[in-house]
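Colleague: here is my input; please provide its structure:
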Amino acid sequence: MKLLDLAVIALIPALAVAQAPAQTVRVGTFHKASLVVALYRSPLWATTLLNKKMEMARAKDLNDTIPRRSRN
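Modeller: Got it, this is the predicted structure:
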């Protein structure tokens, strides 16, 4: 009898895993992190970033700075 009890206890986790529902893909949904990575790797972002870096370099060359606001 004890052997049967042990067998049942051993099978419970296996049955729980076997009956887990499969993950489904819903229509009309998206994964935000995937969109961020896709934009970051895109030529559109590379062009935007290059323009911003060039703008920053020009501002540094001209010694053009924006004074920080006081935090009072």
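Colleague: gap between Gln23 and Ala46?
Modeller: To Ala46, Gln23 is 33 Å away according to Cβ to Cβ, to the nearest Å. C-beta coordinates here come from the backbone N, C-alpha and C atoms, glycine included.
Colleague: ignore the last one, Arg58
Modeller: For Arg58 relative to Ala46 (Cβ to Cβ), the value is 19 Å.
Colleague: same thing with Lys32?
Modeller: For Lys32, the distance to Ala46 - Cβ to Cβ - is 21 Å.
Colleague: where in the chain is pLDDT low?
Modeller: Within the chain, the set of residues satisfying pLDDT under 70 comprises 1-21, 66-72.
Colleague: helices of that one, start to end?
Modeller: Taking DSSP state H as the criterion, the chain carries its helices at 2-18, 32-40, 43-61.
Colleague: the inter-axis angle of the second one versus helix 43-61?
Modeller: Computed by axes from the mean of the first three to the mean of the last three Cα atoms, to 10 degrees, the angle separating helix 32-40 from helix 43-61 equals 60 degrees.
Colleague: hmm, who's touching helix 32-40?
Modeller: Residues from elsewhere that reach helix 32-40 (Cβ atoms under 8 Å, 6 or more residues apart in numbering): Trp45.
Colleague: that older thread, with neighbour numbers in mind, choose between Lys32 and Ala46.
Modeller: Ala46 (11 against 7; other Cβ atoms under 10 Å).
Colleague: gap between the more buried one and Lys52?
Modeller: On the measure of Cβ to Cβ, Ala46 and Lys52 end up 11 Å apart.
Colleague: and Gln23, how far from Leu49?
Modeller: Per Cβ to Cβ, Gln23 is found 35 Å from Leu49.
Colleague: again, but for Thr29
Modeller: Using Cβ to Cβ, Thr29 is found at 29 Å from Leu49.
Colleague: for Ala59, see how far away Lys53 is.
Modeller: In this view, Lys53 and Ala59 are 11 Å apart by Cβ to Cβ.
Colleague: typo on my end, Lys32
Modeller: The value you get for Lys32 to Ala59, if Cβ to Cβ is used, is 32 Å.
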